[in-house]
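> what follows is a predicted protein model with its sequence.
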Amino acid sequence: MQSAQKRPRAKLSGLNDPRIVPYVMIAPFVIYLLGVYLYPTISTIIMSFQRIDGPTQAEFIGLSNYNKLLTKNYIMALKTTALFTVWDVAILIPVPLLFAAMLASKNAPLPNFFKSLYFIPALTSIIVAGIVFRLAFGSLETSIANRVIGLFGAAPKMWLQFSGSSTFVLVLLTLWRWMGVNIVYFYSAIQSIPADLHEAGKIDGANTVQAFLHITLPSIRPTLIYVLTITVLGGFSMFTESVALWQQSNPGGIGRTIVGYMYMMGITKNNMGLASAIGITLLLLVFGVNMIQLLLMGFFKKEDA
Amino acid sequence: MGQKIKANASTIVIGIFFVIAAIFLMMPFYFMFLSSLKPGTEILRQGLSFRVEPDIMSFTNYNALNTYREGIYWSWYKSSLIVMLLQTGVGLFFASIVGYALAMYNFRGKKVFDIIVLILLMMPFEILLLPMYRALSTMKMTNSYFGVIMPYLVPSFMVFFFRQYCSGLPKELIEAGRIDGCTDYGIFFRIMVPIMIPAFGAMSILSAMNSWNNLLWPLIVLNQDTKFTLPIGLGTTITPYGNAYDVLMPGAVMAVVPIIIVYLFCQKSFMAGMTAGSVKG
């Protein structure tokens, strides 16, 4: 006691004042928000009403960019992106969830080994992985995919030339790359469920499926909401996977996503105004879908904990 | 007895699922490595192949990495490394402090920041890149490494993670530190950071992986081919006039190997950190 009192207590004034400290700590974030989020967001909105002729030259042209938006290419990119996102959510939530539940179960063989192994694709560059998938789903008669369907007597396919099969390849590539990440999220959440909840379920005579539906799922709702949110976002803003499979040489726009279209218009064709209008529609779309999703998941309901 | 048989049966069923998934997830690595040893013409002729063909396989392709366009591959490698180290270091530094402040202090406006962090998680970052590129060009900072890391100085997913993680830290430590004569910054750096090591471990892996694989923004910012990062550079070996598989495949293997090695070394603390920072209500 004595010695603690003798120690010179640091002067807690100025920037060291505990009331000021948190503001100093978040100051970099505030600057970052203004520079990297707020300024570009406002700028995108303004640019979408402009014709941009250079870094500092621009002219207001009203809604003209939005009027030019609804071209065949845009609608196609929108369709590709939306279709991909739907499949992405439909596959990339339940499959990793199933695996996470199996990994967490008492009967799982070598759970740590498999969990670590499943994460490895996430460390790989999508470009690199895309090259392998591109070759595996190549149009050669000897490509892996064509040999596999050949075993079932099907004729070789041009996988990446048609909308349906190219969505399939895209979703497969995404599943390959992100499955391990989502498994880690779900597994971590399942691990933090208090054990007595499952004990109580067992006493009440719940079987594995019932326990999963009525104990596990409600307990991991926050994680589920989080993963769903980032999956929707990742789906709508997908770009790299598409570049990896097509290298910007999309036959007739197959596989080109909204962000890909935005990049093509803004950078390749140097029409930043139109690209910004495309970006704004993407922003509205992501926010809209995520708001609906959060409402359905009951995110805005009063927290019960 | 019956219980045990049932347990064994479900172990086998789960095991079958695990192995199938493992084969699916590891297959591309097998193809990548195998074809990195075969002549590029072989890939052009028949695509990927399961077959191990010792008579046409050798490590000579790996030598092509040194000779291809005067060893430009290693310039890409260097770029990727620089960007990865910068982006991860700076991001961890800022995001950990911000997440910590949001979790440990009550201050006016805290609620607003909590909501902002959540909104940012839903923000399609890609749409901000065009105006950012314009701003960079007016500042004459395109084609610079700072330009590449600029959007990732305080990554919001990291802020979110550190906030979750720090909300599990004992707040009494702050009071104890103050009594010992520490400033609040000293408390963070000397007392809290050592406790947060698993969180730093998890986030450095996620950040390194994001940076190493980032394509769109570096593609927009960098325009000199010796400064390209690996994803851009490897992409340029695929052209409408022919694909340099001799470079592409060994290049792809060399790009993956170091990351996997780092991961294997720290995967234990990575998993522990992810669990501790997992999303709570």
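On my side now, so go ahead.
> what is the rounded mean pLDDT of stretch B:193-208?
Averaging pLDDT along stretch B:193-208 gives 88.
> check the offset of that stretch from the chain's centre.
Relative to its chain's centre, stretch B:193-208 lies at 12 Å (C-alpha atoms, centre = their mean, to the nearest Å).
> and if you look at stretch B:24-35?
Mean C-alpha position of stretch B:24-35 versus that of the full chain (C-alpha atoms, centre = their mean) differs by 20 Å.
> buried stuff in it?
Of all the residues in stretch B:24-35, those buried under the rule 16 or more other C-beta atoms under 10 Å in any protein chain shown are B:Leu25, B:Met27, B:Pro28, B:Phe29, B:Phe31, B:Met32, B:Leu34, B:Ser35. To be clear about C-beta, it is placed using only N, CA and C from the backbone, and glycine gets the same treatment.
> helix, strand or coil for the fourth one?
By that I understand B:Phe29. B:Phe29 falls in the helix class when you classify it by DSSP: H, G, I helix; E, B strand; the rest coil.
> that one contacts B:Ala252, doesn't it?
No. B:Phe29 is beyond contact range of B:Ala252, at 9.8 Å (criterion: C-beta atoms under 8 Å).
> just give me the residue right at the centre of chain B.
B:Met209 (1.1 Å; C-alpha atoms, centre = their mean).
> now the residue nearest to that one when sequence neighbours are not counted: phi and psi?
Using C-beta to C-beta, 6 or more residues apart in numbering or on different chains and skipping the chain neighbours, the partner closest in space to B:Met209 is A:Leu123 (5.5 Å). Dihedral pair for A:Leu123: phi -80, psi -10, per degrees, to the nearest 10.
> what residues does A:Leu123 make contact with?
Contacts for A:Leu123 (C-beta atoms under 8 Å, 6 or more residues apart in numbering or on different chains) come out as B:Met209, B:Trp212, B:Val256, B:Ile259, B:Ile260, B:Tyr263.
> and what of B:Ile197?
B:Ser269.
> ok, the one 3 residues further on next?
Residues near B:Phe200 by C-beta under 8 Å, 6+ apart: B:Leu92, B:Ser96, B:Val193, B:Gly273.
> ok now the helix or strand harbouring A:Ile26, how far from the chain's centre?
According to DSSP states H and E, A:Ile26 maps onto helix A:21-32. Distance of helix A:21-32 from the chain centroid (C-alpha atoms, centre = their mean) equals 27 Å.
> check which element follows it along the chain.
Per DSSP H and E, the first helix or strand lying C-terminal to helix A:21-32 is helix A:39-47.
> check which residues of that following helix are buried.
A:Pro40, A:Thr41, A:Ser43, A:Thr44, A:Met47.
> quick one: pLDDT of the second one?
As summarised for this prediction, A:Thr41 has a pLDDT of 92.
> and the last one, by the same measure?
In the prediction, the pLDDT value recorded for A:Met47 is 92.
> ok, A:Ser249 next?
Value for A:Ser249, per-residue pLDDT: 67.
> next: B:Ser278.
Confidence score, pLDDT, at B:Ser278: 69.
> and what of A:Ala305?
37.
> A:Thr56 touches B:Ala135, doesn't it?
No. Contact criterion C-beta under 8 Å: A:Thr56 and B:Ala135 do not qualify, at 10.7 Å.
> and the two? Which one has more around it.
B:Ala135 (18 against 9; other C-beta atoms under 10 Å in any protein chain shown).
> residue closest to the middle of chain A?
By C-alpha atoms, centre = their mean, the most central residue of chain A is A:Gly234, 2.3 Å off.
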